[in-house]
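Undergrad: No letters, just coordinates:
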């Protein structure tokens, strides 16, 4: 039964890849170019959308393939050094502009979770989401006490979809270990296990709320980083409610420039925030793509950051902290021989 399920999923993946013409991108590479003629013989080649750019085709295909593929696209979107601009700009939309599910479905999920009509929980709930990502989407709402909040709701049916694709990743990891010469050294099965753990953590919104509360405590007196307050009375395993923040998305460079924001100050406190999380608290935000960072600039000369989305947090062993600190120190001193020594030792 498991094999049939995996084969069915593989065929679905192949169908989506062909439908969006991603096989054509693959066949345009040097190694697969000799097989390009066979691509023209497949029915999918003549049915694929010709009016879409390659970046949009990749983004839409990843969205349709599901949460794990969207995550992969999010990771790639932060590596502008590896991707052409047109693809990187499209993949950046996966950070918070994934196709949403309906507001009516969100209401049904919330009413089942709370066990009562939504009007009894919120004074106002906006059916149109303000952001949508691979795991969940976010709606604006207002509590009966007048406080503006955001409501994060897990996507319906996401657990079985992730489980199905994780099974495939383990299959590929086992094949890589068995048949790839570098497989044993790179330990692909352990990589998949780490990825699975992070995904499972993201699916537990009570855990995310606890992460947010801990990070907020760590920076309670900070002028550099603000973490929104969790509304614990309304937070469940598949729903999280937090204070609504107002800020400028960090990727909106034009707006930041228009408001005269001090970029030098932003750069300096960004480094300080990272070092503080890693070395003072040993508890750091491990998913800091631009969709999760906002800038608060009532005083443009001394702006600060606002962080959201705390599903993936990190800690380091003492040994790893020392390695990282020694690496930074060697870089600052331009002692690249020491950097190489540390890398070999690690």
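TA: Arrived safely, thanks for sending. Being a predicted model, the structure only gives us computed values, none of them experimental. Numbering: from 1, shown residues only.

Undergrad: could you give the mean pLDDT of stretch 74-93?
TA: Here stretch 74-93 scores 81 as its mean pLDDT.

Undergrad: Low-confidence stretches in this structure?
TA: Across the chain, the ranges flagged by pLDDT under 70 are 1, 23-50.

Undergrad: rerun that using 90 as the cut-off
TA: 1-99, 132-135, 159-202, 287-291, 328, 332, 343-346 (pLDDT under 90).

Undergrad: Break down it into its strands, ranges please.
TA: Shown for the chain, the strands assigned by DSSP state E span residues 124-125, 131-132, 136-142, 148-154, 225-226, 239-243, 248-249, 284-285, 293-296, 304-307, 313-314.

Undergrad: closest to residue 333 out of those?
TA: strand 284-285 (24.0 Å; CB to CB). The C-beta positions use only the backbone N, C-alpha and C, and glycine is treated the same way.

Undergrad: ok so, going back, would you reformat the strands of the chain as JSON lines and include distance to residue 274 and mean neighbour count?
TA: Formatted as JSON lines, the strands of the chain follow (distance: least, CB to CB, whole Å; neighbours: other CB atoms under 10 Å):
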{"stretch": "strand 124-125", "distance to residue 274": "36", "mean neighbour count": "15"}
{"stretch": "strand 131-132", "distance to residue 274": "24", "mean neighbour count": "20"}
{"stretch": "strand 136-142", "distance to residue 274": "25", "mean neighbour count": "22"}
{"stretch": "strand 148-154", "distance to residue 274": "25", "mean neighbour count": "22"}
{"stretch": "strand 225-226", "distance to residue 274": "10", "mean neighbour count": "20"}
{"stretch": "strand 239-243", "distance to residue 274": "22", "mean neighbour count": "23"}
{"stretch": "strand 248-249", "distance to residue 274": "19", "mean neighbour count": "18"}
{"stretch": "strand 284-285", "distance to residue 274": "7", "mean neighbour count": "21"}
{"stretch": "strand 293-296", "distance to residue 274": "12", "mean neighbour count": "19"}
{"stretch": "strand 304-307", "distance to residue 274": "11", "mean neighbour count": "20"}
{"stretch": "strand 313-314", "distance to residue 274": "11", "mean neighbour count": "16"}
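
Undergrad: Which helix runs longest in the protein?
TA: Criterion DSSP state H: the longest helix present in the chain is helix 158-179.

Undergrad: returning to what we had before: I'd like the strands of the chain written out as TSV, with distance to residue 118 added.
TA: Listed next are those as TSV, based on distance: least, CB to CB, whole Å:
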stretch	distance to residue 118
strand 124-125	6
strand 131-132	19
strand 136-142	9
strand 148-154	10
strand 225-226	29
strand 239-243	11
strand 248-249	28
strand 284-285	31
strand 293-296	27
strand 304-307	27
strand 313-314	30
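
Undergrad: Was I right to think residue 141 contacts residue 129?
TA: No - applying CB atoms under 8 Å, one finds residue 141 not in contact with residue 129, separated by 11.2 Å.

Undergrad: quick one on the thing from earlier: tell me which other helices or strands the longest helix of the chain touches.
TA: Judged by 3 or more CB pairs under 8 Å, 6 or more residues apart in numbering; DSSP states H and E, helix 158-179 is in contact with helix 2-19, helix 67-77, helix 183-186, helix 188-202.

Undergrad: Just give me how far that helix sits from the chain centre.
TA: Chain-centre distance of helix 158-179: 19 Å, with CA atoms, centre = their mean, to the nearest Å.

Undergrad: Counting neighbours, which bits of that helix end up buried?
TA: 158, 161-162, 164-166, 168-171, 173, 176-177 (16 or more other CB atoms under 10 Å).

Undergrad: If we only consider those, which is nearest to residue 307?
TA: residue 158 (23.4 Å).

Undergrad: mind listing what the residue lying closest to the closest one once chain neighbours are set aside touches?
TA: Nearest residue to residue 158, sequence neighbours excluded (CB to CB, 6 or more residues apart in numbering): residue 67, at 6.1 Å. Each residue near residue 67 by CB atoms under 8 Å, 6 or more residues apart in numbering is listed here: 134-135, 155, 158, 161-162, 165, 199.

Undergrad: Quick check: residue 67 vs residue 134, distance?
TA: Per CB to CB, to the nearest Å, residue 67 is found 4 Å from residue 134.

Undergrad: Specify the beta-bridge partners of residue 141.
TA: residue 125, residue 149 (DSSP bridges).

Undergrad: Also residue 305?
TA: Bridge pairing for residue 305 - DSSP bridges - gives residue 225, residue 295.

Undergrad: same question, residue 154
TA: Beta-bridge pairing for residue 154 (DSSP bridges): residue 136.

Undergrad: now it: how far from residue 78?
TA: Using CB to CB, one gets 24 Å for the distance from residue 154 to residue 78.
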